[in-house]
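Asks: model the structure of this input:
(chains A, B, C and D)
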Protein chains: 2
Amino acid sequence: MPSRALSFVAEPGEIAGETSSTLKAFGVLEVLVRAGRAVTLSELMQATELPKPTLHRTLALFEEAGYLAREPGGRAYIIGERLSHFGLDVLRNDRAATQRRTVLRRVVSEIDESCNLAVLQRGALIYLDRIEVEWPLRLQIPVGGVAIPPHCCASGKLLLAYRPVAERQRLLELMALKRFTERTITDRQVLASEFDRIVTSGYAVDNEEYVLGVACVAVPVRSPHGEVIASLAVQGATARLPLMRAIEFVPRLQAAAADIGSTFG
Amino acid sequence: MPSRALSFVAEPGEIAGETSSTLKAFGVLEVLVRAGRAVTLSELMQATELPKPTLHRTLALFEEAGYLAREPGGRAYIIGERLSHFGLDVLRNDRAATQRRTVLRRVVSEIDESCNLAVLQRGALIYLDRIEVEWPLRLQIPVGGVAIPPHCCASGKLLLAYRPVAERQRLLELMALKRFTERTITDRQVLASEFDRIVTSGYAVDNEEYVLGVACVAVPVRSPHGEVIASLAVQGATARLPLMRAIEFVPRLQAAAADIGSTFG
DNA sequence: GCCATCGTTTCCGATAAACGGTACGAAAAG
DNA sequence: CTTTTCGTACCGTTTATCGGAAACGATGGC
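Replies: Numbering: from 1, shown residues only, chains lettered A, B, ... in the order given. Next up, the predicted model:
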């Protein structure tokens, strides 16, 4: 076996040299999470330089607690539900989150419409933050949990559109495409070309596809490395915010998205 | 002082009752991260029920390592840069889980009942993913970790039934067939014939065998090699989802199970 | 069917880490 | 200024963690 180099190894002795068992365990999680795929025990042995029984005990502990899980039909470890939730809470509440919130507030005050910042987690659209303008007519969405099916809102379509083509295609085949209004896109062909249009134009729109009378425009938020990790969107009642007017906000949204993107990483 | 209620407390004994120091420490982080603001030592004492010196040591450890930091000009703890980075990596990593979750979401939206994906690990049933529909009456299952005894739920019985006969037999003899309701199967003979019926029919049911008023139907998820690696199940209160109605969902569950299975390999 | 690799589990003594009552200085409240 | 609350430090005790070695089972390649 050619002993393929692992891309997610830690510094030599960085984890094994740690005196505290808790920090050692956390180091294991960091390595696993950086990997970006299911990781086996022996890979983690290489990457962390920890002895086999220690590693096995640590992983079993996290698995038992729900932070980690196993790839079905295999032995490799993947991120569990509890760790996913934890990661999301971190992003919502870390110091950079307050910077993002400041930027978001600024955009809202500039354009005087509700804005939100969303990410795609496990194929679902989830809000990192949202700021509502004080209008009598507004969308009520519970803060926190799962928000809106991705195929019928600007943020969801945008975040899907910027995924690697193969993955995007696969997800498109598997998605539900439930209809909410007469304008909801329920045809996979149409949605596929919508994705192309989004990548070409650099923004996505929701023309009353989820709720009649509500329009959205979303632009990508890129990390310093250039990958699209979030979506910044403006959303409002068409009576006040017709789609054409919303699209005029795109440049300002893009400027704000650049500011927000710089807070990641 | 009116001892303002803390919104981010853990369940009583959830953290303090944990035997592993690592999991205790992780529980502290979870509480802190959920808080959404700088948190003081004494607030964490309330929220976690841990003794003061223990907490102080744990927090100092994380601060030293860069996972936590102090509020500028104060003593309260906030999320450190290293933890922020960790959170972002968790979010980035979800590629594997996305497709499964997308399919699961699709089933839930089609049949409008709660569904879950489970595997059998060391004879225990573990949920990989769950999506609950927004009904007032629903089952509360702790996130992650060991869930339900396999002998009294559809997924557990199904996954046992599809094991090689020798192993199935061995597990059957080892299991403690604890009774939960009057319908729980506690006789090994009966359970063995139940296994046969499951393999013959291709699906398993739970007719209020774990909780009165809750029924389940489960179908196998097969890898491209044909082995049963997971179980896809629908579950709901019998008032809304009588067993007969649940069984009608079997074909749709099987179609979704095929999609999920195709995501391996 | 054979062999190599990988994952899981056991044992156990030594070591070190976690524990938490107690106490003291610092800060805030009154 | 007094009093209370809070954060930090100490330290003897205890207990979990560590990890080498090795065996076993499962897996996959050939």
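Asks: quick one, phi psi at the residue in the stretch 1-150 of chain A that chain B sits nearest to?
Replies: As assessed by Cβ to the nearest Cβ, chain B sits closest to residue A:66 within the stretch 1-150 of chain A, at 1.6 Å. C-beta here means a position set from N, CA and C on the backbone, and glycine is covered the same way. Main-chain dihedrals, residue A:66, degrees, to the nearest 10: phi 90, psi 0.
Asks: what distance do you get for it to residue B:187?
Replies: Note on residue A:66: its distance to residue B:187, by Cβ to Cβ, to the nearest Å, is 32 Å.
Asks: of those two, who's got more company?
Replies: residue A:66 (20 against 11; other Cβ atoms under 10 Å in any protein chain shown).
Asks: wait, doesn't that one sit right on residue A:85?
Replies: No. Residue A:66 sits out of contact with residue A:85 when judged by Cβ atoms under 8 Å, with a separation of 9.5 Å.
Asks: and residue A:72, that's in a strand?
Replies: No. Secondary structure of residue A:72 (DSSP: H, G, I helix; E, B strand; the rest coil): coil, not part of a strand.
Asks: could you check how far the residue of chain A found nearest DNA strand D is from residue A:31?
Replies: Residue nearest to DNA strand D within chain A: residue A:21 (3.0 Å; Cβ to the nearest atom of the strand). The spacing between residue A:21 and residue A:31, counted by Cβ to Cβ, is 16 Å.
Asks: who has more neighbours out of those two?
Replies: Ranked by neighbour count (other Cβ under 10 Å), residue A:21 and residue A:31 place residue A:31 first, with 22 against 15.
Asks: not counting sequence-adjacent ones, nearest residue to the residue of the stretch 101-250 of chain A found nearest DNA strand C?
Replies: Nearest residue of the stretch 101-250 of chain A to DNA strand C: residue A:122, at 23.5 Å (Cβ to the nearest atom of the strand). Among residues not flanking residue A:122 along the chain, residue B:101 sits closest, at 4.2 Å (Cβ to Cβ, 6 or more residues apart in numbering or on different chains).
Asks: so what's the one you found up against?
Replies: Shown in contact with residue B:101 (Cβ atoms under 8 Å, 6 or more residues apart in numbering or on different chains): A:122-124, B:129, B:131.
Asks: make a markdown table out of those residues and add neighbour count.
Replies: Converted to a markdown table, these look like this (neighbours: other Cβ atoms under 10 Å in any protein chain shown):
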| residue | neighbour count |
| --- | --- |
| A:122 | 23 |
| A:123 | 24 |
| A:124 | 21 |
| B:129 | 20 |
| B:131 | 18 |
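Asks: for those, give me TSV that also has distance to residue A:37, pLDDT and secondary structure.
Replies: Below are the contacts of residue B:101 laid out as TSV (distance: Cβ to Cβ, whole Å; pLDDT from 0 to 100; DSSP: H, G, I helix; E, B strand; the rest coil):
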residue	distance to residue A:37	pLDDT	secondary structure
A:122	15	88	coil
A:123	16	87	coil
A:124	20	89	strand
B:129	17	87	strand
B:131	23	88	strand
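Asks: where along chain A do the helices fall?
Replies: A:21-35, A:41-48, A:52-65, A:81-93, A:95-111, A:154-161, A:165-174, A:188-201, A:243-248, A:250-261 (DSSP state H).
Asks: who touches residue A:133 in this structure?
Replies: So residue A:133 contacts A:108, A:112-114, A:236 (Cβ under 8 Å, 6+ apart).
Asks: now the residues you listed as CSV including pLDDT and distance to residue A:59?
Replies: What follows is these, written out as CSV (pLDDT from 0 to 100; distance: Cβ to Cβ, whole Å):
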residue, pLDDT, distance to residue A:59
A:108, 95, 44
A:112, 91, 51
A:113, 91, 47
A:114, 92, 43
A:236, 91, 47
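Asks: among those, who's most crowded?
Replies: That'd be residue A:236 among the contacts of residue A:133, by other Cβ under 10 Å, with 26 neighbours.
Asks: look up how far residue A:182 lies from it.
Replies: Using Cβ to Cβ, residue A:236 is found at 20 Å from residue A:182.
Asks: again with residue A:50
Replies: To residue A:182, residue A:50 is 58 Å away according to Cβ to Cβ.
Asks: between those two, tell me which one has more neighbours.
Replies: More crowded of residue A:50 and residue A:182, by other Cβ under 10 Å: residue A:50, with 23 against 8.
Asks: hmm, back to that, right, so the helices of chain A: which one is the most enclosed?
Replies: helix A:154-161 (a mean of 27; mean count of other Cβ atoms under 10 Å in any protein chain shown).
Asks: now do that helix: distance to the chain's middle.
Replies: Centre-to-centre, helix A:154-161 and its host chain are 11 Å apart (Cα atoms, centre = their mean, to the nearest Å).
Asks: check which helices and strands that helix sits against.
Replies: Applying 3 or more Cβ pairs under 8 Å, 6 or more residues apart in numbering or on different chains; DSSP states H and E, one finds that helix A:154-161 contacts strand A:114-121, strand A:124-131, helix A:165-174, helix A:188-201, strand A:204-207, strand A:214-222, strand A:228-237.
Asks: could you dump those to TSV with distance to chain B?
Replies: Listed next are those as TSV, based on distance: least, Cβ to the nearest Cβ, whole Å:
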stretch	distance to chain B
strand A:114-121	6
strand A:124-131	7
helix A:165-174	5
helix A:188-201	13
strand A:204-207	18
strand A:214-222	12
strand A:228-237	7
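Asks: mind putting the ones you listed into TSV with distance to residue B:46?
Replies: Output for the helices and strands packed on helix A:154-161, formatted as TSV (distance: least, Cβ to Cβ, whole Å):
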stretch	distance to residue B:46
strand A:114-121	30
strand A:124-131	27
helix A:165-174	43
helix A:188-201	47
strand A:204-207	43
strand A:214-222	36
strand A:228-237	34
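Asks: closest one to residue B:191 among those?
Replies: Within those, the stretch nearest residue B:191 is helix A:165-174; the backing value is 34.9 Å (Cβ to Cβ).
Asks: now what about the closest one, what contacts it?
Replies: Contacts of helix A:165-174 with the rest of the structure, by Cβ under 8 Å, 6+ apart, involve A:123, A:160-161, A:163, A:188, A:191-192, A:195, B:95, B:98-99, B:102-103, B:106, B:259, B:263.
Asks: go with 7 Å
Replies: The contact list for helix A:165-174 (Cβ atoms under 7 Å, 6 or more residues apart in numbering or on different chains) reads A:123, A:160-161, A:188, A:191-192, A:195, B:95, B:98-99, B:102-103, B:106, B:259.
Asks: so, low pLDDT: which residues of chain A?
Replies: Low-confidence segments of chain A (pLDDT under 70): A:1-5, A:136-147.
Asks: for residue A:252, give me its contacts.
Replies: Residues counted as contacts of residue A:252 (Cβ under 7 Å, 6+ apart) are A:107, A:110-111.
Asks: and if you look at residue A:178?
Replies: With Cβ under 7 Å, 6+ apart, residue A:178 has these contacts: A:149, B:109.
Asks: for residue A:263, same thing?
Replies: A:96, A:99-100.
Asks: again, but for residue A:210
Replies: With contact set as Cβ under 7 Å, 6+ apart, residue A:210 has these partners: A:148, A:152-153, A:180-181.
Asks: give me that answer again for 10 Å
Replies: By Cβ atoms under 10 Å, 6 or more residues apart in numbering or on different chains, the residues touching residue A:210 are A:139, A:148-149, A:151-154, A:156, A:180-181, A:183-184, A:216, A:235.
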